[in-house]
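**Q** Need a 3D model of the following:
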Amino acid sequence: MSLSFFSRINRELQELIHDRWLFSLLSWIPLLLLALMWLIFSQGIPREVPMGVIDLDKSTISRALVRHYQVSPTLTVDDGYMALHEGEAALRSGKIYALAVIPSDFGANAILGRAPQVTVFVNSQFLLVGKIVTSALLQAQGTFNAQIEVGKNLATGSPVITVAIARALPTANQITPLFNISLNYAQFLISAILPAIWQIFMVAATVLSLAAVHRNIGLASWLGDSPFRSLLAKFLPLSLIFWLHGAIILVVMYVWIGWPMHGSWLLLLFTQLLTAWASIAAGSLLFFITRDTDRSMSLASSYVAPGLAFMGVTFPVTDMTSLAKIWRSLLPVTHYVEVQFAQVNYGAPLTSAIPKLLALSLFSLPMFFVFVLAYWFSRKARAGETA
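**A** Numbers count the residues shown, from 1 in each chain. Predicted coordinates for the structure are as follows:
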């Protein structure tokens, strides 16, 4: 007797509930990882990053420069290094992330009006830390240089402080971020990391859900004489659960944490639904191609693992190779993230999201192949052939 569509949905829900690993993967594990990511990046703005200073001058001016480094909230300065090899060893070991070497003629050059130079070594292997330390050092160095120039102007014929400042800083730069005004690196990274993890869960859970059916019931018996209804009954609950995961991510970031949201919630939620369906299509296609849990999970891991790197957040898309751009276009989350960033940061109009929505809609093609493979396998099984 053929099961009704709602009976098939109930069967899928019972399968999800009684499979402990699958139930964990669809319930508390994503929430645990969400909390873990927040704990790791909750500070938001790095503070007290250790750096070393080798002051070979020991003059009043060189000590003033060191104080400018010390007052930066981003840096913690250790000026106890006496030789270059000591600082180099500390930098290589990771004890410090930057090393500034002040030459012995630094103060004399500043007094004589020459351009004093400071050599700074920054460990840029840690991209984020290196960028933040470099920015803090440039800011401290720029403030110090301006003060030296103002003092020189006051001593050489500009007794009015405003005139001395104007001569020292003939042009003033003002940098106004269009978004992420506080330069919160958690807002920058978590908003990309969580969707990447979300995609991994969706593809992996789809593969494991089909694998559980194959293991417990048998794929041919599960598909029965209505493979389309069986697949829809499987995919509908999964898509709603994945959609709920995506909505929770948005609520946590832009309601609970309170990061700015300038765009449309409705558009983001609709894009998430398309992303969930696209991820299910990708995961189910990988499983039906192999019909083997280990192989399909290996393919799924290789497929979604580069998601964060290919988003264009930590590495610019313009610098990617052609192969990387092709792989990027095959990942649903890369299209979703572009819509998310455009809505959250800029409040972009709906028309700007249409190309990405169309790209996600193209994942209906692998979903079509899944139905074709399922129908073919079902007919083959009913005919008594070995799959």
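**Q** CA atoms for contacts and neighbours, from now on please.
**A** Fine.
**Q** I'd like to know how far W222 sits from F371.
**A** Applying Cα to Cα, to the nearest Å, the value for W222 to F371 is 14 Å.
**Q** let me redo that: L65
**A** 69 Å.
**Q** Leaving out chain neighbours, which residue sits closest to D292?
**A** Excluding the flanking residues, the one nearest D292 by Cα to Cα, 6 or more residues apart in numbering is A211, at 7.4 Å.
**Q** and that neighbour, what helix or strand is that in?
**A** A211 belongs to helix 185-216 when assigned by DSSP states H and E.
**Q** Check which residues of that helix are buried.
**A** Using 16 or more other Cα atoms under 10 Å as the test for burial, helix 185-216 gives 185-214.
**Q** How far away from the center of its chain is whichever helix or strand I9 is part of?
**A** If you go by DSSP H and E, I9 is part of helix 5-18. Using Cα atoms, centre = their mean, to the nearest Å, the distance from the centre of helix 5-18 to the centre of the chain it belongs to is 35 Å.
**Q** quick one: average confidence on that helix?
**A** Helix 5-18 carries an average pLDDT of 86.
**Q** name the helices or strands packed onto it?
**A** If you count contacts as 3 or more Cα pairs under 8 Å, 6 or more residues apart in numbering; DSSP states H and E, helix 5-18 packs onto helix 20-26, helix 227-251.
**Q** got the angle for it vs helix 185-216?
**A** With axes from the mean of the first three to the mean of the last three Cα atoms, to 10 degrees defining the directions, helix 5-18 sits at 110 degrees from helix 185-216.
**Q** Show me which positions of helix 5-18 end up buried.
**A** For helix 5-18, the neighbour count (16+ other Cα under 10 Å) marks R8, I9, R11, E12, L13, E15, L16 as buried.
**Q** quick one, what contacts the residue nearest to the second one when sequence neighbours are not counted?
**A** So that's I9. With Cα to Cα, 6+ apart as the criterion, I9 has its nearest non-adjacent residue at 4.7 Å, and that residue is A233. Residues counted as contacts of A233 (Cα atoms under 8 Å, 6 or more residues apart in numbering) are F5, F6, R8, I9, E12.
**Q** Repeat that for V49.
**A** Contacts for V49 (Cα under 8 Å, 6+ apart) come out as T74, L75, T76, I96, Y97, V133.
**Q** Skipping adjacent residues, who's closest to A348 in space?
**A** With sequence-adjacent residues excluded and distances taken as Cα to Cα, 6+ apart, A348 is closest to A342, at 5.5 Å.
**Q** hmm, I was thinking of V77
**A** Nearest residue to V77 in three dimensions, chain neighbours excluded: M51, at 5.2 Å (Cα to Cα, 6+ apart).
**Q** Check for me that the one you found belongs to a strand.
**A** Yes. Assessed with DSSP: H, G, I helix; E, B strand; the rest coil, M51 lies in a strand.
**Q** I'd like the distance between it and E88.
**A** 11 Å.
**Q** cool, and L65?
**A** 21 Å.
**Q** Neighbour count for these two, which is higher?
**A** More crowded of L65 and E88, by other Cα atoms under 10 Å: L65, with 19 against 16.
**Q** Quick check: phi and psi at L362.
**A** phi -70, psi -20 (degrees, to the nearest 10).
**Q** What about it, how many residues nearby?
**A** Applying other Cα under 10 Å, we find 14 residues neighbouring L362.
**Q** Pull up the per-residue confidence for it.
**A** At L362, pLDDT is 94.
**Q** all numbers from here: first residue = 25
**A** Noted, 25 is the first residue going forward, which turns the last one into L386.
**Q** That one: what's it in contact with?
**A** With Cα under 8 Å, 6+ apart as the criterion, no residue contacts L386.
**Q** could you check the angle helix 251-275 makes with the helix holding I33?
**A** Using the same axes, to 10 degrees, helix 29-42 lies at 50 degrees relative to helix 251-275.
**Q** Residues contacting helix 29-42, please?
**A** L46, F47, S233, R253, S254, A257, K258, P261.
**Q** among the residues you listed, which two are most distant?
**A** By the measure Cα to Cα, F47 and R253 form the most distant pair in the contacts of helix 29-42, at 22.4 Å.
**Q** can you give me the strands in the stretch 75-224 of the chain?
**A** Using DSSP state E, counting those that start in this stretch, the strands of the stretch 75-224 of the chain run over 99-102, 122-126, 143-146.
**Q** so L298 makes contact with A383?
**A** No. Look at L298 against A383 with Cα atoms under 8 Å: they stay out of range, at 9.8 Å.
**Q** Between the two, which has more neighbouring residues?
**A** The neighbour comparison of L298 against A383 (other Cα under 10 Å) goes to L298, with 23 against 17.
**Q** Quick check: closest non-adjacent residue to that one.
**A** Closest to L298 by Cα to Cα, 6+ apart is L384, at 6.2 Å.
**Q** What are the neighbouring residues in contact with D102?
**A** By Cα under 8 Å, 6+ apart, the contact list for D102 reads P74, M75, G76, V77.
**Q** just these now: which is nearest V279?
**A** Nearest to V279 among the contacts of D102: P74, at 33.7 Å, using Cα to Cα.
**Q** Can you get me a residue count around that closest one?
**A** Neighbourhood size, P74 [other Cα under 10 Å]: 18.
**Q** Identify the residues contacting it.
**A** By Cα under 8 Å, 6+ apart, P74 lies in contact with L99, T100, V101, D102, K119, I120, Y121, A122.
**Q** Touching, the first one and H92? I think so.
**A** No. The pair L99 / H92 is not scored as a contact, 10.1 Å apart, by Cα under 8 Å.
**Q** Neighbour count: the two, which is higher?
**A** L99 (22 against 17).
**Q** Bridging across strands, which residues link to the more buried one?
**A** Taking DSSP bridges as the rule, L99 bridges to V73.
**Q** Return the distance of it relative to G307.
**A** 46 Å.
**Q** All set now, cheers.
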